[in-house]
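Engineer: predicted model and sequence below, questions to follow.
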Amino acid sequence: MNPAALRNEDNASAPVLYMALELSNKSWRLAFGDGTKRRQVPVPAADLPKLGCGT
């Protein structure tokens, strides 16, 4: 593991957003959380406009 990744930079009070992706051929599931609240969003596979990153 990279030693720089383990360094604590006094930002323990900064908010953190956790994100996970579950990808399949028909659907994708995005999960978001901050350590207390969690949200899961189903999206049709490869629907980039629905993710907000396509045209």
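Structural biologist: In hand now; what should we look at?
Engineer: contacts, neighbours, all on C-alpha from now
Structural biologist: OK.
Engineer: what residue lies at the spatial centre of this structure?
Structural biologist: residue 19 (1.9 Å; C-alpha atoms, centre = their mean).
Engineer: how about residue 21, what does it touch?
Structural biologist: Residue 21 sits next to 28-31 when contact means C-alpha atoms under 8 Å, 6 or more residues apart in numbering.
Engineer: any idea how far residue 33 is from the residue nearest to the centre of the chain?
Structural biologist: 7 Å (C-alpha to C-alpha, to the nearest Å).
Engineer: mind showing which ranges of the protein have poor pLDDT?
Structural biologist: 1-12, 54-55 (pLDDT under 70).
Engineer: what are the boundaries of the strands in this structure?
Structural biologist: 18-23, 27-33, 38-44 (DSSP state E).
Engineer: could I get those strands in JSON lines, plus columns for distance to residue 52?
Structural biologist: Formatted as JSON lines, these follow (distance: least, C-alpha to C-alpha, whole Å):
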{"stretch": "strand 18-23", "distance to residue 52": "15"}
{"stretch": "strand 27-33", "distance to residue 52": "13"}
{"stretch": "strand 38-44", "distance to residue 52": "11"}
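Engineer: nearest to residue 53, out of those?
Structural biologist: Of all these, it is strand 38-44 that lies closest to residue 53, at 12.9 Å by C-alpha to C-alpha.
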